[in-house]
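**Student:** pasting a predicted model and its sequence here:
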Amino acid sequence: MKALQFSAQDVPEIAELPIPDIADDEVLVAARSVGVCHSDIDLLEGRYIIPFSYPIIPGHEWSGEIVKVGRKVTGFSVGDRVVGECVIAADHFGFSISGAAAEFFVAKPSWLHKLPDQISFTVGALVEPFSVAYYALVRAGGVDASDTVVVLGAGPVGLAVTAAAAAMGAVTVVVEPAEGRRGIALSLGAKHAVHPDDVVALLADITAGRGADLVVEASGRPAVMATALELVAFQGRIAYIGIDVGREASAKLGLIQSKELRITGSIGSPGVWPETLRFLANSGIDLSPLVTQHFGVDEALDALDAAHHPESTIKAHIDLVGTLPA
């Protein structure tokens with residue numbers, strides 16, 4: 001089989017590898033769509049939040065089809081369309097253990113969820129980032145049509161927050177310097193999408209000076225993270241979801257107290273995948289505009305390169321069509 005493999009730091013390659021064997025309690029999955037995440041680039045460049053070693057196959061945003069089941073497996077069958085969680089006890093699928101960027105890979109049934117018929121393989125590979133967005137809103141207490149939600153940053157997760165908050169009924173405002181990403185935010189349900197220079201005036205107008213009921217910080221930029229404190233309303237909420245490790249910015253921390261703010265931080269999406277899949281299926285959200293480029297497995301290095309250029313790429317997907325030999 002063919003796989004995208006990081007053989008060493010800064011050494012990606014398309015590798016020819018044997019199709020893996022499965023144990024009695026495992027399944028073999030044929031990958032169908034695999035998203036390239038900025039975390040994959042961090043992994044390639046030698047950075048990640050838990051220990052790992054090379055060689056490693058990346059790929060934690062994926063959808064696939066079960067092509068073989070171990071004799072002790074129950075609840076899953078050959079032909080089932082599935083997605084899978086990436087945090088597995090102390091391991092992270094696609095980071096500390098090899099992931100889905102291969103024509104075939106091994107999975108445990110406990111990681112997997114069946115993909116509803118309404119959800120395509122392309123959107124299925126977006127379930128992981130969407131679940132992160134959905135979890136952030138759940139952690140923040142949820143939103144409805146009474147809320148004005150400001151999303152800072154229109155990367156893949158920020159756009160997923162936009163789609164979820166809009167589907168929940170909130171008036172959703174996206175703050176993003178890139179015009180093209182603002183356009184996609186509007187297509188996903190944002191009521192307003194503005195340049196950072198214009199958000200204060202817009203909020204004053206649409207909330208009669210109250211400010212945002214919830215600010216979701218999705219950029220991971222420290223200066224923007226500080227701005228959230230100034231945009232949120234009295235007794236409002238802030239959800240920090242953008243990831244930054246170690247950088248600093250000045251912030252008016254006294255606003256936390258004087259505004260009586262409730263602040264949550266979240267990482268990953270533990271415990272909400274079943275709800276996330278039901279929400280996606282029942283809401284009718286189409287996340288496919290997030291995927292700006294598609295590549296075959298032989299072009300996986302090009303997909304990595306595209307992910308290095310956020311000015312032109314929101315999400316690059318590797319599409320696979322592998323079938324087991326007879």
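**Tutor:** Now that the structure is in, tell me what you want to look at. Numbers count the residues shown, from 1 in each chain.

**Student:** so what touches stretch 107-114?
**Tutor:** 25-29, 73-76, 80-85, 88, 93, 273-274, 277 (C-beta atoms under 8 Å, 6 or more residues apart in numbering). C-beta here means a position set from N, CA and C on the backbone, and glycine is covered the same way.

**Student:** can you flag the buried ones in these?
**Tutor:** 26-29, 73, 76, 80-85, 93, 273, 277 (16 or more other C-beta atoms under 10 Å).

**Student:** figure out how far stretch 198-214 is from the centre of its chain.
**Tutor:** Relative to its chain's centre, stretch 198-214 lies at 27 Å (C-alpha atoms, centre = their mean, to the nearest Å).

**Student:** so which bits of that stretch are buried?
**Tutor:** The neighbour-count check on stretch 198-214 (16+ other C-beta under 10 Å) flags 199, 202-203, 207, 211-214 as buried.

**Student:** JSON lines for these, including secondary structure and distance to residue 113?
**Tutor:** Formatted as JSON lines, those follow (DSSP: H, G, I helix; E, B strand; the rest coil; distance: C-beta to C-beta, whole Å):
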{"residue": "199", "secondary structure": "helix", "distance to residue 113": "36"}
{"residue": "202", "secondary structure": "helix", "distance to residue 113": "38"}
{"residue": "203", "secondary structure": "helix", "distance to residue 113": "38"}
{"residue": "207", "secondary structure": "coil", "distance to residue 113": "38"}
{"residue": "211", "secondary structure": "coil", "distance to residue 113": "37"}
{"residue": "212", "secondary structure": "strand", "distance to residue 113": "33"}
{"residue": "213", "secondary structure": "strand", "distance to residue 113": "31"}
{"residue": "214", "secondary structure": "strand", "distance to residue 113": "27"}
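
**Student:** need the max-distance pair from the residues you listed.
**Tutor:** Maximum pairwise distance among those (C-beta to C-beta): 15.7 Å, between 202 and 214.

**Student:** can you list the helices and strands that the helix or strand hosting residue 6 packs against?
**Tutor:** Remark: residue 6 resides in strand 2-8, with elements defined by DSSP states H and E. On a contact count with 3 or more C-beta pairs under 8 Å, 6 or more residues apart in numbering; DSSP states H and E, strand 2-8 meets strand 11-16, helix 300-307.

**Student:** could you rerun that using 6 Å?
**Tutor:** Judged by 3 or more C-beta pairs under 6 Å, 6 or more residues apart in numbering; DSSP states H and E, strand 2-8 is in contact with strand 11-16.

**Student:** just how off-centre is the strand it packs on within its chain?
**Tutor:** For strand 11-16, the distance to the chain centre is 24 Å (C-alpha atoms, centre = their mean).
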